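In: just coords:
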C-alpha cells in the first residue's frame, strides 16, 4: 500500500497541520509539567518539562520546513524574509 501523502512535496498542508498539532500539544504539556514542577519539585516533572521543550523545538522545525515547501510551491521568493506567496488573481 502506497500513500501519496507520504511523498515529498505532496499534502504539505496536511503535514503542516499534523506537526502544528503536535507542537501545540508539546507546548501545553511542557508548560503543565514546568508549572507542576515549580509547585511540587518532583524530579520526573522537571525531566518531562525539559523533554517536552526539546520536542516542541523539534516540531517547530518540522512546521517551518513544511511551510517553506508550501511557499516554494506557491512561488514565494525564499531569499527575501517575510515574503508572501504570489497569489493568482482571478478576473471577475
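Out: That came through, no problem. Just so we're clear, the structure is a prediction, and the values are computed from it rather than from any experiment.

In: Need the residues that contact stretch 34-47.
Out: Contact with stretch 34-47 is made by 33, 48, 49, as judged by Cβ atoms under 8 Å, 6 or more residues apart in numbering. All C-beta spots, glycine's among them, are computed from the backbone N, C-alpha and C.

In: Among the residues you listed, which ones are in helices?
Out: By the criterion of DSSP state H, membership of the contacts of stretch 34-47 in helices covers 33, 48, 49.

In: what about the residue minimising distance to the centre of the chain, helix or strand, and which?
Out: The C-alpha lying nearest the average C-alpha coordinate of the chain belongs to residue 63 (Cα atoms, centre = their mean; 2.9 Å). Using DSSP states H and E, residue 63 sits in helix 43-74.

In: Mind listing what's buried along that helix?
Out: 45, 48-49, 52-53, 55-56, 59, 62-63, 66-67, 69-71 (16 or more other Cβ atoms under 10 Å).

In: how far does that helix sit from the chain's center?
Out: Using Cα atoms, centre = their mean, to the nearest Å, the mean C-alpha position of helix 43-74 is found 5 Å from that of the whole chain.
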